[in-house]
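Colleague: Quick one, fold the following:
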Amino acid sequence: MRILGIELPSNKSLEISLTHIFGIGRPMAKKILEATNIENKKTFECTEEEGAILTSYIEKHIKCEGELRAEIHMNIKSLCDIRCYRGIRHKKNLPTRGQRTRTNCRTRKGPRKTVANKKKAEK
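Modeller: Numbers count the residues shown, from 1 in each chain. You can find the predicted model right below:
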């Protein structure tokens, strides 16, 4: 089954399969299934009509995939443009939510850059 250009895994339940769409988590997937009155079954057991119902509901009511990614990118760009603290941290590629940077945050900073010690002068 394809929804919004995303191929959903067929061997998982519909609730879990919907989480493969960017912007839809488990709670949102449950709400979608309740709102559309579709029971939670394996994805390959769904009919074309159910797929169409899901697609139309998600397009009308939920911001996800490209639209959501664009909004997140624009929010970060506006933070950088107004030069607030979070925007500066984004520009410098450092953690933005108060984590320590002395010893951790290697995923954000990248691999270590070793700084060599100066040799001591002999007497």
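Colleague: what about the strands in this structure?
Modeller: Remark: strands assigned in the chain by DSSP state E are 2-3, 6-7.
Colleague: roughly how far out does stretch 20-34 sit from the chain middle?
Modeller: Offset of stretch 20-34 from its chain centre (Cα atoms, centre = their mean, to the nearest Å): 13 Å.
Colleague: same question, stretch 8-22
Modeller: So, by Cα atoms, centre = their mean, the centroid of stretch 8-22 is 15 Å from its chain's centroid.
Colleague: any residues touching that stretch, and which ones?
Modeller: 1-4, 6, 24-26, 28-30, 32-33, 38, 40-44, 46, 54, 58, 64-65, 68-69 (Cβ atoms under 8 Å, 6 or more residues apart in numbering). For every residue, glycine as well, the C-beta is placed using N, CA and C.
Colleague: State the mean pLDDT of that stretch.
Modeller: Averaged over stretch 8-22, pLDDT sits at 93.
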